[in-house]
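Undergrad: take this sequence and fold it.
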Amino acid sequence: MSTRVQVIFLGGTIGMTGAPGQGASPRLDAAELLAGVPVPDDLEVVPLELLKVGSSHLTFAHVLEVARAADRAVQDGATGVVVVQGTDSMEETSYLLDLGWRHDAPLVLTGAMRNPGLPGPDGPANLASAIAVAVSPGCRGLGALVVLNDELHAARHVAKRHTSLPSAFESPGAGPVGRMLEGTPVVTYRPRRQPAMPLPERLDRRVGLVTATLDDDPAVVRAVAGVCDGLVVAGFGAGHLKADVADAAAEVAERMPVVLTSRAGAGSVHTRTYGGKGSEEDLLGRGLVNAGHLAPLKARLLLAVLLANGARHDTVTETFTRHG
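TA: Below you'll find the model as predicted:
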């Protein structure tokens, strides 16, 4: 009896080509991409081409469609699922999928940093690795994984840290959960996972993201909040804002959830190290929700899911305490 893997194609650099002197754009289809990947005789790879776009064009609706397709595939007997997409938004799509992934079966995202028209394209190797991870018994129970450059990253931690290098993806503060060794995934540690959350039919709540900058303007916080249902603030350092910006954030927190993260890229928002106006102690005391270690981009997604599911403020706080 053969093992079956569902491979869902969304587009991205892995399938982009272009004529000389022209920029690359999505052209290759699922069959052409799989043709360059060796597959064992006892492995059935089932392609599903949902889109052919760069990942900067993906929407919440697209990701929810992928989540449903992946869920159906596992319920129908697939050992694992691979999602092939562009890398631009992969750290976000992987985390959104991970929040709702209720199966032990691996859900693996991959793509490429070098398109097929460049010397040394990495797409075929990344796709081969992703398929190997999807069928590996040792990779079960890890949730959504990002697999590129012979490394396995947990969706919870992964971040794109370079615009073009094959080694663009890292997991700040955590490191990869495993690596490929002679074509076989080797898991080096198993991160703690939270129970899956129900993903709504629609993510229809606006969540803004404001990043603290030198001498920034509190009017920006108020303006963004004016068109949103929730707000994420990426503060300086361990969770700090300029005094007047802190006042604006606290005002907004009186009428909607405001989540405090750090713009630093690694480390946790603190709770009691610094005092005074605009410190983490001040902001959390005035109603902002602590995101802990959760990065700003991912805090936005978690808050969007919670709000779409009708979560009240106490549930938002409790959930961020667990996930952060």
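
Undergrad: all contacts plus neighbour counts: C-alpha atoms, from now on.
TA: Will do.

Undergrad: output the below-cut-off pLDDT ranges for the stretch 101-250 of the chain.
TA: Along the stretch 101-250 of the chain, the model assigns pLDDT under 70 to no residue.

Undergrad: and the strands in it?
TA: 107-110, 144-148, 151-154, 159-160, 169-170, 178-181, 184-187, 207-211, 230-235 (DSSP state E, counting those that start in this stretch).

Undergrad: which residues does Pro47 contact?
TA: 6-9, 30-31 (CA atoms under 8 Å, 6 or more residues apart in numbering).

Undergrad: who wins for neighbours among these?
TA: Val7 (27 neighbours; other CA atoms under 10 Å).

Undergrad: mind putting the strands of the stretch 101-250 of the chain into TSV with distance to Leu97 and mean neighbour count?
TA: Below are those laid out as TSV (distance: least, CA to CA, whole Å; neighbours: other CA atoms under 10 Å):
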stretch	distance to Leu97	mean neighbour count
strand 107-110	8	31
strand 144-148	7	30
strand 151-154	12	27
strand 159-160	15	20
strand 169-170	18	24
strand 178-181	20	18
strand 184-187	21	18
strand 207-211	18	19
strand 230-235	20	27
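
Undergrad: output those strands as JSON lines; include the columns distance to His323.
TA: Shown next, in JSON lines, are the strands of the stretch 101-250 of the chain (distance: least, CA to CA, whole Å):
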{"stretch": "strand 107-110", "distance to His323": "19"}
{"stretch": "strand 144-148", "distance to His323": "15"}
{"stretch": "strand 151-154", "distance to His323": "14"}
{"stretch": "strand 159-160", "distance to His323": "17"}
{"stretch": "strand 169-170", "distance to His323": "19"}
{"stretch": "strand 178-181", "distance to His323": "22"}
{"stretch": "strand 184-187", "distance to His323": "22"}
{"stretch": "strand 207-211", "distance to His323": "18"}
{"stretch": "strand 230-235", "distance to His323": "15"}
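
Undergrad: so which of those gets nearest Arg255?
TA: In terms of CA to CA, the element of the strands of the stretch 101-250 of the chain nearest to Arg255 is strand 230-235, at 9.1 Å.

Undergrad: ok, the closest one: who's next to it in the sheet?
TA: strand 207-211 (parallel), strand 258-262 (parallel) (DSSP bridges).
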